[in-house]
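Trainee: Sequence and predicted structure, then a few things I'm wondering about:
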Amino acid sequence: MDSQTSQTPQVPQQPHTFQVDLRGLVDLLSHHLYSSPKVYLRELLQNAVDAITARRAEQPDAPARVRLYAENGTLRVEDSGVGLTEADVHSLLATIGRSSKRAEGLQEARSDFLGQFGIGLLACFVVAERIRVVSRSARTPDAPPVEWTASDDGSYEVRTLPPDARPEPGTTVHLVARAGAGEWLTPERVLRLARDFGSLLPYDVRVGDEAVTDLPAPWDRPYPSPATRRVALARHCHDLFGFTPLDSIELNVPLAGIRGVAYVLPSAVSPAQRATHRVHLKGMLLTERAEQLLPDWAFFVRCVLDTDSLRPTASRESLYEDETLAAVREALGERIRSWLTGLAAGDPERLAAFLSVHHLGVKSLARHDTDMLRTMLPWLPFETTDGRLSLEEFAQRHPVVHFTRTVEEYRQVAPIASAQGVGVVNGGYTYDSDLVEALPSVRPGTVVSELDADTVTAHMDLVDPAEELALAGFLAAARARLDPLGCDVVLRAFRPLSVPALHLDDRDARHEQARAAAEDRADDLWAGILGSLRGSAPRARLVLNHLNPLVRRIGALGDPDLIGTATESLYGQALLMAQRPLRPADSALLNRAFMGLLEWATNGEEGP
């Protein structure tokens with residue numbers, strides 16, 4: 001007998017439904033989905049506004065009003081929206097996750113609604129122990145009003161009411177505060193939250209007799225002059241963000257349904273600090289902490305805007321990262337870029353004031369945008385041996401634009417290079433070396449060269465061969481003392497005369513020093529491996545200034561030990577002058593040289 005036919009027939013299993021613990025779900029909402037209990041009011045406003053939007057889709061002349069009344073730990077919210085029938089109440093209010101926006105006939109218009117997820121009313125349980133909803137349908141005028149009462153234990157009751165219980169279509173929501181949450185339902189708190197969330201809503205919203213909506217938005221209002229507009233927007237920024245901006249930038253992207261304004265921060269901020277922005281969705285405040293709204297380089301502005309195209313996450317407290325948000329980010333970045341270009345062309349004073357604070361952000365943009373680099377070239381400041389100049393002005397003065405990649409390298413060579421007539425740009429600050437290297441692409445014919453120790457030494461005067469030969473014993477003793485440190489000694493004549501010695505190295509020399517130090521500390525195995533990596537990198541060099549009187553006196557000494565001690569002192573002083581970090585060997589050398597000089601000074605010619 002076939003084994004398959006011998007098997008017992010399978011009995012179809014009845015499907016089971018999930019059982020929801022409402023108390024646990026409320027805890028999940030309050031501690032994980034929503035950032036604060038205050039979102040309960042946003043959800044109530046959202047439901048009311050969506051209900052009005054649904055009714056007006058069918059009855060364009062229908063009233064559009066929302067009223068909130070708070071007293072004694074209770075809140076009542078009335079709207080003139082589409083309302084619900086008894087069947088709607090059972091289908092929608094009692095089923096978690098189901099939204100009226102998915103109802104038949106409204107699916108195609110769902111983009112007009114603020115809410116999309118069908119969990120909004122549950123947010124009220126974060127502050128309320130009981131919710132009572134009284135509603136009358138505008139679609140079924142003959143249907144009686146219906147009452148739905150729910151408790152935070154998961155139970156609810158539904159009953160129909162006499163027609164006079166609610167004569168007009170719409171919905172009224174009653175909340176009773178849970179223990180410890182009464183502060184969220186006080187009149188003052190409700191008014192403040194309603195204005196924060198709903199100031200840009202398109203309908204008449206009031207808390208008692210106090211208006212909540214304030215339209216048109218500040219950036220959409222007509223003003224007598226640009227100066228008046230600037231003052232009004234600066235006041236709006238101060239009220240909203242707490243600072244007076246350097247300037248304001250209009251953000252208008254019609255294709256994405258975006259209107260708003262970007263405010264320029266009055267003080268410098270770190271590029272690593274993520275700016276947060278205030279985003280309204282169809283008039284309702286979505287978030288005060290949107291981080292991905294602008295390109296990374298635009299960290300010097302804070303935005304407030306209203307949109308009807310961006311998608312919210314389930315909590316409606318942040319934006320969903322998708323292609324639309326990426327396109328909006330690029331479009332808003334282009335608006336800020338155009339503002340900068342406009343300042344460069346027509347208002348250099350305001351541009352200079354802006355760059356004095358936020359040049360880092362513009363440099364970040366110019367690093368990847370050739371047109372912006374070309375536009376900003378006469379304005380962006382750089383530290384140079386000629387002072388703080390733009391690259392354009394510096395390139396006009398020097399046939400070769402030399403630059404260093406680190407601040408330490410610049411500090412080593414700046415005084416000497418300046419005295420020798422060599423122009424150097426400090427490329428050690430963020431983005432600066434990248435911009436200097438990009439200079440030929442926007443200024444054809446410009447020669448850019450990274451400054452190294454050989455270039456600096458080549459611009460110094462050679463010492464007369466006879467004089468250098470006479471100092472051969474002195475140089476041999478100095479080189480012998482610094483050789484264990486991986487440093488050569490060179491004699492040159494340079495200005496200023498006050499500098500006795502200059503320590504020069506480059507990245508390759510520092511890498512070799514680091515490798516040698518690691519080799520000394522390693523065990524035999526690693527020492528062998530590191531030794532095999534030894535290359536032919538140039539060594540650091542201590543350039544002694546033959547024109548300096550102190551160097552001349554040290555060169556006349558006859559005691560090799562004293563010459564070595566003096567050379568170590570010059571080496572340490574040159575490191576300190578360059579503000580270079582000291583290795584343990586350098587610190588030990590400085591201490592040894594200091595003690596040696598003290599002993600020589602206290603013992604006189606007899607020596608230590």
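Mentor: Yep, that arrived.
Trainee: Now tell me what touches stretch 323-341 from outside.
Mentor: For stretch 323-341, the external contacting residues (C-beta atoms under 8 Å, 6 or more residues apart in numbering) are 247, 249-253, 255-256, 258, 262, 292-295, 297-298, 301, 303, 307, 309-311, 319, 351, 362, 365, 369, 372, 375-376. To be clear about C-beta, it is placed using only N, CA and C from the backbone, and glycine gets the same treatment.
Trainee: Oh, that last question was meant for stretch 559-568, not what I typed.
Mentor: 473-474, 477-478, 480-482, 489, 542, 554, 557, 589-590, 592-593, 596-597, 600, 607.
Trainee: Filter these down to the buried ones, ChimeraX style.
Mentor: The buried residues among those can be selected in ChimeraX (16 or more other C-beta atoms under 10 Å) with this line:
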select :474,477,478,481,482,489,542,554,589,590,593,596,597,600
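Trainee: Now, the contacts of stretch 559-568 that are in strands?
Mentor: Mapping these onto strands (DSSP state E) picks out 489, 542.
Trainee: about what we covered before: make a ChimeraX selection of the buried ones in the contacts of stretch 323-341.
Mentor: Listed next is the ChimeraX selection for buried residues among the contacts of stretch 323-341, using 16+ other C-beta under 10 Å:
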select :247,249,251,253,256,258,262,292,293,294,295,297,298,301,303,307,309,310,319,351,362,365,369,372,375,376
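Trainee: how about the nearest residue to residue 261, chain neighbours excluded?
Mentor: residue 219 (4.4 Å; C-beta to C-beta, 6 or more residues apart in numbering).
Trainee: now swap in residue 467 and tell me
Mentor: residue 546 (7.4 Å).
Trainee: Quick one, grab the pLDDT at the one you found.
Mentor: Among the per-residue scores, residue 546 shows a pLDDT of 92.
Trainee: contacting residues around it?
Mentor: By C-beta under 8 Å, 6+ apart, the contact set of residue 546 is 463, 467, 491, 492, 493, 552.
Trainee: Pull out the buried residues from the helix or strand harbouring residue 561.
Mentor: Element membership of residue 561, judged by DSSP states H and E, is helix 560-577. Neighbour counts over helix 560-577 (16+ other C-beta under 10 Å) mark 562-575, 577 as buried.
Trainee: as a whole number, average confidence for that helix?
Mentor: For helix 560-577, mean pLDDT is 88.
Trainee: Pull out the buried residues from stretch 423-439.
Mentor: By 16+ other C-beta under 10 Å, the buried positions in stretch 423-439 come out as 423-428, 431-433, 435-439.
Trainee: Among those, name the ones in strands.
Mentor: Among those, the members falling in strands (DSSP E) are 424, 425, 426.
Trainee: And those, which is closest to residue 274?
Mentor: residue 426 (27.8 Å; C-beta to C-beta).
Trainee: which residues does that closest one bridge with?
Mentor: Beta-bridge pairing of residue 426 under DSSP bridges involves residue 404.
Trainee: in what helix or strand does residue 249 lie?
Mentor: For residue 249, the element it lies in under DSSP H and E is strand 248-253.
Trainee: what angle do the longest helix along the chain and strand 248-253 make?
Mentor: Determined from DSSP state H, the single longest helix within the chain is helix 323-346. Interaxial angle of helix 323-346 relative to strand 248-253 (axes from the mean of the first three to the mean of the last three C-alpha atoms, to 10 degrees): 140 degrees.
Trainee: For helix 323-346, list every residue counted as buried.
Mentor: Buried, per 16+ other C-beta under 10 Å, within helix 323-346: 325, 328, 329, 332, 333, 335, 336, 337, 339, 340, 343, 344.
Trainee: Which residues does stretch 180-192 contact?
Mentor: In contact with stretch 180-192 (C-beta under 8 Å, 6+ apart) are residues 37-38, 40-41, 68, 70-71, 73-75, 126-128, 175, 177, 207-208, 210, 212.
Trainee: mind checking the SS state of the closest residue to residue 578 other than its chain neighbours?
Mentor: Excluding the flanking residues, the one nearest residue 578 by C-beta to C-beta, 6+ apart is residue 412, at 4.1 Å. Secondary structure, DSSP: H, G, I helix; E, B strand; the rest coil: residue 412 is helix.
Trainee: Do a quick rundown of the helices in the stretch 151-300 of the chain.
Mentor: 187-198, 226-241 (DSSP state H, counting those that start in this stretch).
Trainee: Roughly how far does residue 291 sit from residue 474?
Mentor: From residue 291 across to residue 474, the span is 63 Å (C-beta to C-beta, to the nearest Å).
Trainee: circling back to that earlier point, got the CA coordinates for the longest helix of the chain in CSV?
Mentor: Below are the C-alpha coordinates for helix 323-346, written out as CSV (Å, rounded to 0.1, in the frame of the first residue of the first chain):
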residue,chain,number,x,y,z
GLU,A,323,13.9,59.0,-2.7
THR,A,324,11.5,61.9,-2.1
LEU,A,325,13.5,63.1,1.0
ALA,A,326,16.7,62.7,-1.0
ALA,A,327,15.4,64.9,-3.8
VAL,A,328,14.1,67.5,-1.3
ARG,A,329,17.5,67.5,0.5
GLU,A,330,19.2,68.3,-2.8
ALA,A,331,16.6,71.0,-3.8
LEU,A,332,16.9,72.8,-0.4
GLY,A,333,20.7,72.6,-0.7
GLU,A,334,20.4,74.3,-4.1
ARG,A,335,18.4,77.1,-2.5
ILE,A,336,21.1,77.7,0.1
ARG,A,337,23.8,77.6,-2.6
SER,A,338,21.9,80.1,-4.7
TRP,A,339,21.6,82.4,-1.7
LEU,A,340,25.4,82.3,-1.3
THR,A,341,26.0,83.0,-4.9
GLY,A,342,23.5,86.0,-4.7
LEU,A,343,25.4,87.5,-1.8
ALA,A,344,28.7,87.2,-3.6
ALA,A,345,27.3,89.0,-6.6
GLY,A,346,25.3,91.7,-4.9
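Trainee: My guess is residue 395 contacts residue 401. True?
Mentor: Yes: using C-beta atoms under 8 Å, residue 395 is in contact with residue 401, at 5.5 Å.
Trainee: quick one: common contacting residues for those two?
Mentor: Both residue 395 and residue 401 are contacted by 439, 446, under the criterion C-beta under 8 Å, 6+ apart.
Trainee: In strands only, show me the contacts of stretch 323-341.
Mentor: Short answer: the contacts of stretch 323-341 in strands (DSSP E) are 249, 250, 251, 252, 253, 258, 262, 301, 303, 307.
Trainee: just curious, which of these is nearest to residue 282?
Mentor: residue 307 (7.9 Å).
Trainee: And the pLDDT at the closest one?
Mentor: On pLDDT, residue 307 comes in at 90.
Trainee: pretty sure it contacts residue 277?
Mentor: No: using C-beta under 8 Å, residue 307 is not in contact with residue 277, being 11.1 Å away.
Trainee: circling back: separation between the residue nearest to residue 261 and residue 330?
Mentor: For residue 219, the distance to residue 330 - C-beta to C-beta - is 21 Å.
Trainee: Leaving out chain neighbours, which residue sits closest to residue 487?
Mentor: Counting by C-beta to C-beta, 6+ apart, residue 540 is the residue found nearest to residue 487 once chain neighbours are left out, at 4.6 Å.
Trainee: so what's residue 306 up against?
Mentor: Per C-beta under 8 Å, 6+ apart, neighbours of residue 306: 200, 217, 258, 259, 260, 279, 280, 281, 282, 283.
Trainee: Show me the beta-bridge partners of it.
Mentor: Per DSSP bridges, the residues bridged to residue 306 are residue 259, residue 280.
Trainee: any low-confidence regions in the stretch 301-450 of the chain?
Mentor: Applying pLDDT under 70 to the stretch 301-450 of the chain flags residues 313-318.
Trainee: before we move on, the earlier item: for the contacts of residue 306, which one is nearest residue 228?
Mentor: residue 217 (16.3 Å).
Trainee: number of nearby residues for the closest one?
Mentor: Using other C-beta atoms under 10 Å, the number of residues around residue 217 comes to 18.
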